[in-house]
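Chemist: pasting the structure only:
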């Protein structure tokens, strides 16, 4: 029998593909959200979704947290029609305007924040991560959970490990004091 050597790369040494990185980030977000739902179960507070996108995460939040008020922040509405929040829960505009303005109404009330605002533009990501980092501390309830697709600088919060066997290096969990 003749053995044919195949030119197959050793997958364990390769960087993940863009598809794999997206899959890992979505798995991390899904597992982290489900973990966070259990963590906030008996704690009062509102939920913030930073970045509506197509509304998939908002749809997941409202299904699993039907008793919670969920406030969504984004520049524009570009989502599935059945995933559009009502006008009273949709904060449209630049994060640099809407997040600081939210302090007056929501200071110390956000028990869960899902921040999904990253793009493929590194400069924008640094800018928006700095803005979210500066805006969130005044909004967070004691023991709040912050989930983010970008690393944040929340000095008072503690970074937590991702739940289970999550493989993403592009997702982060923080808990406020």
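Modeler: On my side now, so go ahead. Note that the coordinates shown come from a computational prediction; the quantities given were computed from them, not determined experimentally.

Chemist: could you report the separation of residue 26 from residue 157?
Modeler: Going from residue 26 to residue 157 by CB to CB, to the nearest Å gives 23 Å. Bear in mind the C-beta positions are built from the backbone N, C-alpha and C, glycine included.

Chemist: quick one, which of these two is more surrounded?
Modeler: More crowded of residue 26 and residue 157, by other CB atoms under 10 Å: residue 157, with 20 against 15.

Chemist: hmm, that one is touching residue 146, no?
Modeler: Yes: between residue 157 and residue 146 there is a contact under CB atoms under 8 Å: 6.6 Å.

Chemist: which neighbours do those two have in common?
Modeler: The overlap between the contact sets of residue 157 and residue 146 (CB atoms under 8 Å, 6 or more residues apart in numbering) consists of 140, 174, 175, 176.

Chemist: TSV for the residues you listed, including neighbour count, pLDDT and secondary structure?
Modeler: What follows is the shared contacts of residue 157 and residue 146, written out as TSV (neighbours: other CB atoms under 10 Å; pLDDT from 0 to 100; DSSP: H, G, I helix; E, B strand; the rest coil):
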residue	neighbour count	pLDDT	secondary structure
140	27	98	strand
174	23	98	strand
175	17	98	strand
176	21	96	coil
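
Chemist: of those, which is the nearest to residue 112?
Modeler: Residue 112 lies nearest to residue 140 out of the shared contacts of residue 157 and residue 146, by CB to CB, at 9.6 Å.

Chemist: ok, for that closest one, nearest residue in space, not its chain neighbours?
Modeler: The shortest distance from residue 140 to any non-neighbouring residue, by CB to CB, 6 or more residues apart in numbering, is to residue 176 (4.2 Å).

Chemist: does the one you found really touch residue 156, like I thought?
Modeler: Yes: using CB under 8 Å, residue 176 makes contact with residue 156 at a distance of 6.4 Å.

Chemist: tally of neighbours for residue 77?
Modeler: The number of residues packed near residue 77 is 14, by other CB under 10 Å.
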